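# I'll drop the sequence and a predicted model, then ask my questions.
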Amino acid sequence: MIPTVIFKFLKELSVNNNKEWFQDNKPKYQDAKQAFEEYINGLIGVVHSIDPTVGHPHAKDCIFRIFRDVRFAKDKTPYKNNFGAYIAHGGRKSPYGGYYLHVEPDNSFIGGGVYCPQPNVLKAVRETIMERPYDYKKIIEGREFKKVFPEIWGERLKTAPKGFSKDDPNIDLIRPKSYTLLVNLSDEQIESPKVEDKILKTFKLMKPYNEFLNTAIKNAMS
């Protein structure tokens, strides 16, 4: 199960999100950070057994920093109230579709796919979908897939992307700006020993989706 020290620290941070408290409780942060790194190292092995294309990235290369960049933000809160890790070939900065775990009080979730990809990557994904709409729809319209992922999460264009015909019958498939999957987790689920099974089943269900995306992305990267 996810170590209790992680969620306990994040609960305290969410109501004490300031530099003074953080400095006074830095040992708690270090303990939680280390526990999360160890957990993610184990999860990387699990993900690799599902999808060997992720390789063997180190947890430190997959985990996002807790410190917020507030230079241009209206919200000057100095820290994120979460720990998150993106497991993909190349770690958190990878352009490839991968597997994401987000642990945050009242806002935990399992994610996957690609979020806000670069224009060349997004274009390649859209082109591949339009070239192989049957293969793509076979994945996203599968009964079990649709039950867990009823929609592709994120912003969508109101019209056709540049270079694509608005009259194409499959145009709706390429309106998303991200190709992201998301499953919310309650606090009770995060703190339950059964969360491991939930993560495993969700990631397994994501694999064909990521495989499809990564075929397109690999072409964009070559």
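Structure received. Residues are numbered from 1 along each chain as shown.

# got the phi and psi for the residue lying farthest from the centre of the chain?
The outermost residue of the chain relative to its centre, with distances by Cα atoms, centre = their mean, is residue 167 at 31.9 Å. With angles defined as degrees, to the nearest 10, residue 167 shows backbone torsions of phi -90, psi 0.

# separation between residue 154 and residue 5?
32 Å (Cβ to Cβ, to the nearest Å). For every residue, glycine as well, the C-beta is placed using N, CA and C.

# look at the residue nearest to residue 100 when sequence neighbours are not counted and give its secondary structure.
Nearest-residue entry for residue 100: residue 111, 3.6 Å, with adjacent residues in sequence omitted and distances by Cβ to Cβ, 6 or more residues apart in numbering. Counting by DSSP: H, G, I helix; E, B strand; the rest coil, the backbone at residue 111 sits in strand.

# quick one: buried residues of the top helix by length along the chain?
Secondary structure of the chain per DSSP state H: the longest helix is helix 195-221. Of the residues in helix 195-221, 195, 199, 202-203, 205-210, 212-214, 216-217, 220 count as buried by neighbour count, 16 or more other Cβ atoms under 10 Å.

# lowest pLDDT pick from those?
Across those, the smallest pLDDT goes to residue 220, namely 83.

# which residues touch that one?
Applying Cβ atoms under 8 Å, 6 or more residues apart in numbering to residue 220 gives the contacts 95, 120-121, 123-124.

# what sits closest to it if chain neighbours are left out?
Spatial nearest neighbour of residue 220, excluding adjacent residues (Cβ to Cβ, 6+ apart): residue 124 at 3.6 Å.

# where's the one you found relative to residue 130, distance?
Distance from residue 124 to residue 130, by Cβ to Cβ: 11 Å.

# for the protein, what spans make up the helices?
4-14, 19-24, 26-50, 59-62, 119-131, 133-140, 143-148, 187-190, 195-221.

# what helices and strands are in contact with the second one?
It stands for helix 19-24. Packing partners of helix 19-24 (3 or more Cβ pairs under 8 Å, 6 or more residues apart in numbering; DSSP states H and E): none among the helices and strands.

# wait, doesn't residue 96 sit right on residue 114?
Yes - between residue 96 and residue 114 there is a contact at 7.4 Å, judged by Cβ atoms under 8 Å.

# of these two, which one has the most company?
Comparing residue 96 with residue 114 by other Cβ atoms under 10 Å, the one with more neighbours is residue 114, at 25 against 19.

# local confidence estimate at the more buried one?
97.

# these two touch, right, it and residue 177?
No - if you go by Cβ under 8 Å, residue 114 and residue 177 don't touch, sitting 10.4 Å apart.

# look up how far residue 100 lies from residue 79.
Counting by Cβ to Cβ - residue 79 and residue 100 are separated by 19 Å.

# ok, now residue 71?
On the measure of Cβ to Cβ, residue 71 and residue 100 end up 25 Å apart.

# comparing these two, which residue is more hemmed in?
residue 100 (23 against 6).

# what's the closest of the helices of the chain to residue 162?
helix 119-131 (9.0 Å; Cβ to Cβ).

# put the alpha carbons of the closest one into CSV.
The C-alpha coordinates for helix 119-131 follow below in CSV (Å, rounded to 0.1, in the frame of the first residue of the first chain):
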residue,chain,number,x,y,z
PRO,A,119,2.6,20.8,-31.5
ASN,A,120,4.6,18.3,-33.6
VAL,A,121,3.6,15.4,-31.3
LEU,A,122,0.0,16.5,-31.2
LYS,A,123,-0.1,16.8,-34.9
ALA,A,124,1.4,13.3,-35.3
VAL,A,125,-1.2,11.8,-32.9
ARG,A,126,-4.0,13.5,-34.8
GLU,A,127,-2.7,12.3,-38.2
THR,A,128,-2.4,8.7,-37.0
ILE,A,129,-5.9,8.7,-35.5
MET,A,130,-7.3,10.0,-38.9
GLU,A,131,-5.3,7.4,-40.8
